[in-house]
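J.: Have a look; sequence and predicted model below, questions after that.
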Amino acid sequence: MLWFSWVNCRPRRLLGSLEPLWYGPAPEDRAIDLADTKDNTTSNCGTLFLAHTIRGFDMKIAVVGGGKRCLALLKIIERHRFQEVSPEVVAVADVDETAPGYQEAAARGLHVTKDYNDFFRRTDLDLIIELTGDLDVFNDILDKKKRNVRVISEKTAQLFWEIARVSTLQKKTDQELQETQAIYRAVMNQLIQEDVMVIAYDYRIIDINDNLLQRLGLAREEVIGRYCYEITHHQSSPCSGEQHPCPLVQTLETSKHSQTVHVHLDKNKNELYYSISTYPLMEDKEVIGAIEISRDITADINREKAMMQQEKLVSIGRLSAGVAHEINNPLTTILTTAMLIQEDLAGDDPTYQELETVVKETLRCREIVTNLLEFARQTKPSKGRQNINDIVHESVVLTRKQAVFKDVHLSQRLDQSVPPIHV
């Protein structure tokens, strides 16, 4: 662990350079007594930066000043798990026995005293932390401490507190960031089943979800940093035109959500419809990119087309019902007239045979109209015993002309012995 200390120094035994200091007695060949120098100065020698790396060291600490910061220090050392140093507060001094840190130390059974001079008789101390903020107290400790004991002033301790606070905030921020990333990944790859991309202002892909990667058959490394239109549309420029309007352009320009539909062709030249929505990514009230969510809506479009076709058929059925009723009236007149004329003619009369043809064709027209009315009624289907030959015959009558238009010849060879079935 790297410790830093700024000492507003009076001339004491210090190392002759800014090299690392040792805890414990300094080597004699590296120690210099500034009081023995020729000028014997006692002036302020400025701020000296000392650094020391402690590894596997049990540090005994005495605290001068038993206020709130002493209490906080005791709790921090108690809660924190140190890796390379094992600090332990063993003594607390304060003139006020009601100070919170003093009382906490006493409750823990630590050495407490009203006179910090008691610390100088101890041989187990490695560090004294001065928390009163009194410069005279700090200098007095520097004068009286043993050579192997280090001292930290209140200001230096405050610096460490700030460093510890920043470190704590950083850990908390890192934890929150990890939690946010976990939620982000869960939303991107599990909750959202559509294709998702995060696109920068310059159309480059920042992120992409697993669902879209799987559909494209690409690895994440092959996609990140490339242009969106290059990956999804295999184009060298942004999407444009009526079939491929770019919603990202509208989002970047308006800072609002945009939605459009793209029509693609699969390998069999079938149309695929994709609904594409973009949502702005804001930073400092400026759009820096967008989240693009695309969904295959081909099944929905086909379903809508089928419903429209069904509605057309229903309308045709209603129209056919009205037309059929209108056609039935003249057919009835033609049939009745032909049959009345036949009654006045002999069976071998040529005119009788011609009228017989009219009667047959009129009856066939009536049968067609009847079938058309049955189709137009849109009644609920019901099961019953039916002659399958009759059903086939009726179906052929309705579709014969369509087959002729497509050069298809229909022939019927029905087995009359087939019994009725339940359909």
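T.: That came through, no problem.
J.: And the strands in the stretch 201-350 of the chain, which stretches?
T.: Taking DSSP state E, counting those that start in this stretch as the test, the strands found in the stretch 201-350 of the chain are 205-208, 258-265, 271-283, 286-296.
J.: and H393, which of these is closest to it?
T.: Checking those against H393 by Cβ to Cβ gives strand 271-283 as the closest, at 39.3 Å. (Glycine included, C-beta is placed from N, CA and C.)
J.: Can you give the contact residues for that closest one?
T.: Residues outside strand 271-283 that contact it (Cβ atoms under 8 Å, 6 or more residues apart in numbering): 198-199, 247-248, 250-252, 255-266, 287-298, 300-301.
J.: ok, and for that strand, which residues are buried?
T.: By 16 or more other Cβ atoms under 10 Å, the buried positions in strand 271-283 come out as 273-278, 280-281.
J.: same deal with stretch 227-242?
T.: So, applying 16+ other Cβ under 10 Å, buried residues of stretch 227-242: 227-233, 239.
J.: from the middle of its chain, how far away would the longest helix seen in the chain be?
T.: Assignment by DSSP state H gives helix 298-343 as the longest helix of the chain. Its chain's average C-alpha position is 55 Å from that of helix 298-343, according to Cα atoms, centre = their mean, to the nearest Å.
J.: Okay, angle between the helix or strand that it is followed by and helix 298-343 too, please.
T.: Following helix 298-343 in sequence order, the next helix or strand is helix 350-376 (DSSP states H and E). Helix 350-376 and helix 298-343 are oriented at 150 degrees to each other (axes from the mean of the first three to the mean of the last three Cα atoms, to 10 degrees).
J.: For helix 350-376, what is the distance to the chain centroid?
T.: 70 Å.
J.: Which parts of this structure are helices?
T.: Per DSSP H, the chain has helices spanning 68-79, 100-107, 135-144, 154-186, 210-216, 228-232, 247-254, 298-343, 350-376, 388-405. These are given in chain order.
J.: how about the ones you listed in CSV, adding mean pLDDT and distance to I61?
T.: CSV is the format used below for those (pLDDT from 0 to 100; distance: least, Cβ to Cβ, whole Å):
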stretch, mean pLDDT, distance to I61
helix 68-79, 89, 8
helix 100-107, 95, 11
helix 135-144, 93, 13
helix 154-186, 85, 11
helix 210-216, 86, 52
helix 228-232, 87, 59
helix 247-254, 88, 59
helix 298-343, 83, 71
helix 350-376, 81, 98
helix 388-405, 74, 101
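J.: and these as TSV, adding distance to E222?
T.: Output for these, formatted as TSV (distance: least, Cβ to Cβ, whole Å):
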stretch	distance to E222
helix 68-79	47
helix 100-107	60
helix 135-144	63
helix 154-186	19
helix 210-216	9
helix 228-232	9
helix 247-254	21
helix 298-343	26
helix 350-376	56
helix 388-405	52
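J.: Nearest to E194, out of these?
T.: If you check each of those against E194 by Cβ to Cβ, helix 210-216 wins as the nearest, at 7.1 Å.
J.: from the buried residues of stretch 227-242, which two are the most distant?
T.: By the measure Cβ to Cβ, I231 and C239 form the most distant pair in those, at 12.0 Å.
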